[in-house]
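sequence and predicted model, in that order:
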Amino acid sequence: MALFGIFSKEKKESLDKGLEKSKQSFFGKLSKAVVGKSKVDDEVLDELEEVLITSDVGIDTTLKIIERIEERVAKDKYLGTDELDQILRDEIAELLSENNTVDLKDFEIPEGKKPYVLLVVGVNGVGKTTTIGKLSAQYKAAGKKVVLGAADTFRAAAVDQLILWGERVGVPVVSHGMNTDPASVAFDAVKRGVEDNADVVIIDTAGRLHTKVNLMNELTKIKRVVQKFIEDAPHDVMLVLDGSTGQNAFVQAQEFTKATQVTSLAITKLDGTAKGGVVIGISDQFKIPVKYIGVGEKVDDLQVFNKREFVDSFFKRA
C-alpha cells in the first residue's frame, strides 16, 4: 500500500480529481482571456491578472506573478499565448519554492519529539475535527501510536465527533465532555501520551472564542499546561482553513496569526470548490508551511502538500 514516502499514482489521481473544479474554472477564464490573441501583451496581462484574482490567488500574489511574467516578456521580446500555461506553471512553482518551506515526504514527525504534540486551531465548520481524524488514521497506518485530546469543549458536536473518529480509527480519545476546562483536557491528553509512550498527541481546540484576546488566553493556557510534561510543546500549532471559502480563508489566517503563533496550515475541502487557487496565495503570503490539503472525503484524500505536485496537477489540462 504505497501511501507513504512517495507521491503514488493513486494520490496523483486523487489530487487531479480534487482540483478538477478549480482547473475547469481557471482554464475556462484563461481561454477567454487569450482568445484571438497570439502574443502575450499588456492586454493579455491585464486579463490574466483578473483571471488570477477571480481564481482566489489573492491580489498580492497575483501582482507578483504578473510582474514575473512581465520580466519574461521583456527578456524574451516575444511570448506566444500558447506558452502561457507553461510560463504560469513555472513562475508559480518558483514563487512557492521561495517561501523556505520544505515539502514533507509523508506523514512524518521530527525525530527526538516523543510524543510529538500537535495543537489544532480553526473556526467551526472548516473541517478541523475531520482533519484530526484523518490525520490520526494516516499516522496509525504509518505505525505511529496516537492519542487525541477533545479540548473543543464549548461545542458538544466537536467532542462527540472526535470520540467517533477515535473509535473508527482505533485510537484513544481523552475527553471530559462539554463545558469543561480545555486546558485540563490538554493536560490529561499529554499525560496519557507520555504514560502510553505515544508517538503523537493531537489536541483539538475551541473553534471560536468571542475575541482574539480570549483565543490567545485559552491557547496560552493550553500551551502552559502541556509544557509541564514536555518543555518545548506544543511542537506544532496547525491552523485548518476551508479552501472553499476563498478569500475568507485569507481573513481567517490573518486573524489567527495575529492571535497566536501558527506554525503550519491544513487547507480542506478543495474537491468541492473552484477556489483551489487560494492554496497558492496563502502559501505565498503567510510563509507558513501548508502541510496538508484535503481533496476528497476518504481518509487518504488528506494529502501531504507537495508544491510541485500541486502546481503540476493544477495546470494539467484534461
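Looks like it arrived, so ask away. Treat the numbers as computed from the prediction; the structure is a model and nothing was measured.

who touches the residue nearest to the spatial centre of the chain in this structure?
By CA atoms, centre = their mean, the mean C-alpha position of the chain lies nearest to Ala266, the distance being 2.1 Å. With contacts defined as CB atoms under 8 Å, 6 or more residues apart in numbering, Ala266 is in contact with Thr131, Met238, Leu239, Val240, Leu241, Val290, Lys291, Tyr292, Ile293, Gly294, Leu302. Every residue, glycine included, has its C-beta placed from N, CA and C.

in helices only, show me these.
When helices are assigned by DSSP state H, the members of the contacts of Ala266 inside them are Thr131.

quick revisit: what strand or helix carries the residue nearest to the centre of the chain?
Element membership of Ala266 [criterion: DSSP states H and E] is strand 264-268.

send over that strand as CSV, restricted to the C-alpha atoms.
Presented in CSV, the C-alpha positions along strand 264-268 are these (Å, rounded to 0.1, in the frame of the first residue of the first chain):
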residue,chain,number,x,y,z
SER,A,264,1.6,25.1,9.9
LEU,A,265,-1.6,25.1,7.8
ALA,A,266,-4.0,22.5,6.5
ILE,A,267,-6.4,23.5,3.7
THR,A,268,-9.5,21.4,3.4
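
residues in contact with the helix or strand following it?
For strand 264-268, the following helix or strand on the C-terminal side (DSSP H and E) is helix 278-286. Applying CB under 8 Å, 6+ apart, the external contacts of helix 278-286 come out as 56-58, 60-62, 64, 92, 95-96, 99, 101, 241, 243, 246-247, 249-250, 253, 257, 265, 267, 270, 290, 293, 305, 307, 310-311, 314.

same thing but 7 Å
Under the contact criterion CB atoms under 7 Å, 6 or more residues apart in numbering, helix 278-286 has outside partners 56-58, 60-61, 92, 95-96, 99, 243, 246, 249-250, 253, 257, 265, 267, 290, 293, 310.

next one: stretch 132-141
Stretch 132-141 has contacts (CB under 7 Å, 6+ apart) with 3, 107, 120, 146, 148, 162, 165, 169-171, 200, 202, 204, 299, 302.

using pLDDT, spot the least trustworthy of these.
Across those, the smallest pLDDT goes to Leu3, namely 35.

what packs against the helix or strand encompassing Phe250?
Phe250 is part of helix 247-259, with elements assigned from DSSP H and E. With contacts defined as 3 or more CB pairs under 7 Å, 6 or more residues apart in numbering; DSSP states H and E, the packing partners of helix 247-259 are helix 212-226, strand 236-242, helix 278-286.

what lines up beside the second one in the sheet?
So the one you mean is strand 236-242. Its sheet considered, strand 236-242 pairs with strand 116-121 (parallel), strand 264-268 (parallel) by DSSP bridges.

low-confidence ranges in the stretch 101-250 of the chain?
Low-confidence segments of the stretch 101-250 of the chain, defined by pLDDT under 70: 101-103, 209-211.

and Gly193, its phi and psi?
Dihedral angles phi and psi of Gly193 (degrees, to the nearest 10) take the values phi -60, psi -40.

out of the helices and strands packed on helix 247-259, flag the one nearest Arg72.
helix 278-286 (18.0 Å; CB to CB).

average pLDDT for that closest one?
91.

and that helix with strand 236-242, angle?
Relative orientation of helix 278-286 versus strand 236-242 (axes from the mean of the first three to the mean of the last three CA atoms, to 10 degrees): 140 degrees.

buried set for stretch 8-17?
Residues of stretch 8-17 classed as buried under the neighbour-count rule (16 or more other CB atoms under 10 Å) are Lys11, Lys12, Ser14, Leu15, Asp16.

in this structure Leu302 contacts Thr131, no?
Yes - assessed by CB atoms under 7 Å, Leu302 is found in contact with Thr131 at 6.4 Å.

shared neighbours of the two, which are they?
Shared contacts of Leu302 and Thr131, counting by CB under 7 Å, 6+ apart, come down to Gly294.

and the helix or strand encompassing Leu30, how far out from the chain middle?
According to DSSP H and E, Leu30 maps onto helix 20-34. Between the mean C-alpha location of helix 20-34 and the chain-wide mean there is a distance of 23 Å, by CA atoms, centre = their mean, to the nearest Å.

need the CA coordinates for that helix. PDB is fine.
Extracted as PDB, the C-alpha positions of helix 20-34 are listed here (Å, rounded to 0.1, in the frame of the first residue of the first chain):
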ATOM      1  CA  GLU A  20     -10.900  19.400 -11.200                       C
ATOM      2  CA  LYS A  21     -13.500  22.200 -10.500                       C
ATOM      3  CA  SER A  22     -10.700  24.700  -9.800                       C
ATOM      4  CA  LYS A  23      -8.900  23.700 -13.100                       C
ATOM      5  CA  GLN A  24     -12.100  23.900 -15.200                       C
ATOM      6  CA  SER A  25     -12.900  27.400 -13.800                       C
ATOM      7  CA  PHE A  26      -9.300  28.600 -14.200                       C
ATOM      8  CA  PHE A  27      -8.700  27.400 -17.700                       C
ATOM      9  CA  GLY A  28     -12.200  28.500 -18.800                       C
ATOM     10  CA  LYS A  29     -11.300  32.000 -17.700                       C
ATOM     11  CA  LEU A  30      -7.800  31.800 -19.200                       C
ATOM     12  CA  SER A  31      -9.100  30.600 -22.600                       C
ATOM     13  CA  LYS A  32     -11.400  33.600 -22.800                       C
ATOM     14  CA  ALA A  33      -8.600  35.900 -21.800                       C
ATOM     15  CA  VAL A  34      -6.300  34.900 -24.700                       C
END
